[in-house]
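A.B. asks: sequence first, then the predicted structure:
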Amino acid sequence: AQSVTQLDSQVPVFEEAPVELRCNYSSSVSVYLFWYVQYPNQGLQLLLKYLSGSTLVKGINGFEAVFNKSQTSFHLRKPSVHISDTAEYFCAVIGDGGRQGNLIFGKGTKLSVKP
Amino acid sequence: KAGVTQTPRYLIKTRGQQVTLSCSPISGHRSVSWYQQTPGQGLQFLFEYFSETQRNKGNFPGRFSGRQFSNSRSEMNVSTLELGDSALYLCASSLRGGNQPQHFGDGTRLSIL
């Protein structure tokens, strides 16, 4: 069975500092990975996706992620965060290598950016 | 291009009642998926519809059901509501499901009294 583990439930960071949100996955089939962000009282917004190709994936709002097959990781990072990046971030994998359309989510990481 | 629209945004029901939530996908998207989000269980997949057919189902009791119409709009129904059904219900659409990115609505917040 596939699963996603987000290693940190909360990450506090100061404004303009770099940040990395960690995500590990477990899968025996083809992997399609996503990062989503959720602001308070809103749905999920897609930040970036890895379907194939380059292991460095660029997303919106200055975020990027690195797919590492050998370490089964897909960590999200941003070189300089803003107050507006305060939100909850979810890593997800598509079930059954894409044969099923369901997303399997990690428990989320709450990013808190302090001035 | 309009995003995924979910109605209503908030709903308050009592135990034993039933509820219907609505989702209008992005124009041209034929796959609609539903998820339940709670503080304890996180985000869990309910079911996926494609071309009016349920294609995939999560591990939820039969009280949770859904359907999709010919215009790809979808509804989900929960019967005999329980306190534990209090959650944010999120709808997501994609072009055709599979490994396609899913785009989410803002959800319906359901509270059971």
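C.D. replies: Here it is on my side, so go on. Here the structure is a predicted model, which is why all the values come from computation and not from measurement.

A.B. asks: B:A92: what's it in contact with?
C.D. replies: Contacts were defined as C-beta atoms under 8 Å, 6 or more residues apart in numbering or on different chains; by that measure B:A92 touches A:44, A:103, B:4, B:32-35, B:102-105. Backbone N, C-alpha and C define where each C-beta goes, glycine included.

A.B. asks: chain A contacts on chain B?
C.D. replies: Selection of chain B residues close to chain A by C-beta under 8 Å from any C-beta of the partner chain yields B:4, B:6, B:31, B:33, B:35, B:42-43, B:45, B:48, B:50, B:55-56, B:58, B:90, B:92, B:94, B:97-107.

A.B. asks: show the buried residues in the residues you listed.
C.D. replies: B:4, B:6, B:31, B:33, B:35, B:43, B:45, B:48, B:50, B:55-56, B:58, B:90, B:92, B:94, B:97-107 (16 or more other C-beta atoms under 10 Å in any protein chain shown).

A.B. asks: looking at those residues, which are in strands?
C.D. replies: B:6, B:31, B:33, B:35, B:43, B:45, B:48, B:50, B:55-56, B:90, B:92, B:94, B:103-104 (DSSP state E).

A.B. asks: next, B:K13: phi, psi?
C.D. replies: Recorded main-chain torsions at B:K13 are phi -130, psi 170, according to degrees, to the nearest 10.

A.B. asks: what sits closest to A:L7 if chain neighbours are left out?
C.D. replies: A:R22 (4.1 Å; C-beta to C-beta, 6 or more residues apart in numbering or on different chains).

A.B. asks: ok, stretch A:37-51 near chain B or not?
C.D. replies: Yes: with C-beta under 8 Å from any C-beta as the measure, stretch A:37-51 is seen reaching chain B through A:41-46, A:49, A:51.

A.B. asks: how about residue 17, secondary structure?
C.D. replies: Unless you meant another one, I'm taking chain A. Under the three-state scheme (DSSP: H, G, I helix; E, B strand; the rest coil), the conformation of A:A17 reads as coil.

A.B. asks: roughly how far apart are it and chain B?
C.D. replies: 27 Å (C-beta to the nearest C-beta, to the nearest Å).

A.B. asks: who's in contact with that residue?
C.D. replies: For A:A17, the contacting residues are A:80-81, by C-beta under 8 Å, 6+ apart.

A.B. asks: could you rerun that using 7 Å?
C.D. replies: Neighbouring residues of A:A17 by C-beta atoms under 7 Å, 6 or more residues apart in numbering or on different chains: A:V81.

A.B. asks: now swap in A:K110 and tell me
C.D. replies: A:9-10, A:88.

A.B. asks: same for the helix or strand A:F34 falls within, what does it pack against?
C.D. replies: Using DSSP states H and E, the secondary-structure element containing A:F34 is strand A:33-38. On a contact count with 3 or more C-beta pairs under 7 Å, 6 or more residues apart in numbering or on different chains; DSSP states H and E, strand A:33-38 meets strand A:44-50, strand A:87-94.

A.B. asks: what's the closest of these to B:P25?
C.D. replies: Closest approach to B:P25 among the helices and strands packed on strand A:33-38 (C-beta to C-beta): strand A:44-50, 14.6 Å.

A.B. asks: helix or strand next in line after the closest one, which one?
C.D. replies: That would be, after strand A:44-50 and using DSSP H and E, strand A:56-58.

A.B. asks: mean confidence score for that next one?
C.D. replies: Averaging pLDDT along strand A:56-58 yields 96.
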